[in-house]
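Participant: build me a structure from this.
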Amino acid sequence: MKVIVVGAGVVGTMHAWQAVERGHEVVHIEREAEARGASLRNFGQIWVSGRAGGEELDTALRARELWEGIGARVPKLGFRAIGSLTPVRGALELGVAEAAVARDDAAARGYKLLTPEEARAVNPALRGAFDAALWCERDAAVEPRTAQLALREALLASGRYTFLPHREVREVVGEHAVRDDHGDVHTGDAVVLCTGAWLSGLVREVAGEVPVRRVRLQMMQTDPLGEPLTTSVADADSFRYYPAYASAALDALNSGQAQDPTAAAHKMQLLMVQRLDGGLTIGDTHEYEHPFAFDTVEEPYEHLTRVVESLLGRPLPRVRRRWAGVYAQCTDTTRVVHRQRVRDGVWLVTGPGGRGMTCSPAIAETTANELGW
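Facilitator: Numbers count the residues shown, from 1 in each chain. As a prediction, this is how the structure comes out:
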């Protein structure tokens, strides 16, 4: 079988990986020199802890298993099974963490409530004051800026993979074929459009208006911390954002403890991961209303700096990069992904939202199974 994959972000690359793993030939088409969107502009977190129960958690856990296996074969991914800690302060935040640990699926997520001393034994860099910390053993991380490059290198070594950059697919031609802006037609047994947040142009022509929206975020990265940050770190605002924490305790937090005004205005949470070079990737904000702003604003960065410094108990290293990114999210946020047959032999796969990096291996596996690869 020959599979045409359009889009070289993490979702597209994982579809290529699944096809090659199953013995098929892949032609992978990307409009840029390499992926430039959300697949690079994220934390690189394999984030199991906050996922909703049911399909979303099952997908995340399967993806976590697949990531670990791929990481063992492709060391340049930088896969690390580091887990995560969410420090909490006060009775209301503690109540949400306690409710999480009491969930029926807590063991599957690797949840455990730690004392400050136990949390610092896991991550000594957390020298700030907090009352307890929610530990999630199943969380992990990869290097988002280089993951697709590492995967592509491994795919090329198979001898069944062709990468075609600088080609924008303009048209679906009949069944199982696409035409690019060079005028070349690429024909296979299946076509998978993994176009991320690019929902206009070709996608609108072949699929119409899809139930997917675009979300903008802001993030930053620092100079090396100078010591290991041995886990990912979140703050209690993540409880308000991730569906796993829905509970009466969360209702009490939302009604009894207001968010910082800047965090509320920008729909913020703290997520933080250390990169292999020692720097910290920190974010993030959420903007849903179009048209998006074209600039980044300082207030969210200032808020995140305060939160991080309060947890680390030390000044944040110099910020060396700031950026904005846009990802695609199903408007029904309970859906893991939007998967649609738009023509015979042609499928659109988009809209995983902030789950793309986490869930992409399992999303691609499901596509491969459903298409009978």
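Participant: please enumerate the strands of the stretch 251-373 of the chain.
Facilitator: 271-274, 280-283, 319-330, 338-343, 346-350 (DSSP state E, counting those that start in this stretch).
Participant: what angle separates the last one from strand 319-330?
Facilitator: Read that as strand 346-350. 130 degrees (axes from the mean of the first three to the mean of the last three C-alpha atoms, to 10 degrees).
Participant: touching strand 346-350 from outside, list them.
Facilitator: Applying C-beta atoms under 8 Å, 6 or more residues apart in numbering, the contact partners of strand 346-350 are 11, 15, 172, 175-176, 190-197, 199, 203, 206-207, 210, 212, 328, 337-342, 363-364, 367, 371. (Glycine included, C-beta is placed from N, CA and C.)
Participant: now it, how far from the centre of its chain.
Facilitator: 19 Å (C-alpha atoms, centre = their mean, to the nearest Å).
Participant: what of the first one?
Facilitator: Offset of strand 271-274 from its chain centre (C-alpha atoms, centre = their mean): 13 Å.
Participant: let's have the chain start at 46 instead
Facilitator: Okay, residue one is now 46; in that scheme the one you just asked about reads as strand 316-319.
Participant: from what I can see residue 132 touches residue 171, true?
Facilitator: Yes. Using C-beta atoms under 8 Å, residue 132 makes contact with residue 171 at a distance of 6.5 Å.
Participant: can you flag the buried ones in the contacts of strand 391-395?
Facilitator: Among these, those classed as buried by 16 or more other C-beta atoms under 10 Å are 56, 60, 217, 221, 235-242, 244, 248, 251-252, 255, 257, 373, 382-385, 387, 408-409, 412, 416.
Participant: before we move on, the earlier item: so which of the contacts of strand 391-395 sit within helices?
Facilitator: 56, 60, 248, 251-252, 408-409, 412, 416 (DSSP state H).
Participant: between those, which sits nearest residue 268?
Facilitator: Using C-beta to C-beta, residue 56 comes nearest to residue 268 of those, at 31.1 Å.
Participant: for the closest one, give me its contacts.
Facilitator: 84, 239, 241, 394-395, 397, 401, 405, 408-409.
Participant: can you tell me how far it sits from residue 216?
Facilitator: Relative to residue 216, residue 56 is positioned 21 Å away (criterion: C-beta to C-beta, to the nearest Å).
Participant: do the same with residue 379
Facilitator: Between residue 379 and residue 216 the distance, using C-beta to C-beta, works out to 33 Å.
Participant: these two - which one has more neighbours?
Facilitator: A direct count of neighbours by other C-beta atoms under 10 Å for residue 379 and residue 216 places residue 216 higher, at 14 against 10.
Participant: what's near enough to touch the more buried one?
Facilitator: 223-224, 247, 250.
Participant: in the sheet, who's paired with it?
Facilitator: Counting by DSSP bridges, residue 216 is bridged to residue 224.
Participant: quick check: buried residues in stretch 308-315?
Facilitator: 308, 311-315.
Participant: what is the nearest of the residues you listed to residue 106?
Facilitator: Using C-beta to C-beta, the buried residues of stretch 308-315 come closest to residue 106 at residue 314, 21.8 Å.
Participant: pretty sure the closest one contacts residue 264?
Facilitator: No. Judged on C-beta under 8 Å, residue 314 makes no contact with residue 264 at a distance of 11.7 Å.
Participant: need the strands of the stretch 296-418 of the chain in CSV with distance to residue 340 and mean pLDDT, can you?
Facilitator: Formatted as CSV, the strands of the stretch 296-418 of the chain follow (distance: least, C-beta to C-beta, whole Å; pLDDT from 0 to 100):
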stretch, distance to residue 340, mean pLDDT
strand 316-319, 22, 98
strand 325-328, 16, 97
strand 364-375, 8, 96
strand 383-388, 30, 96
strand 391-395, 26, 97
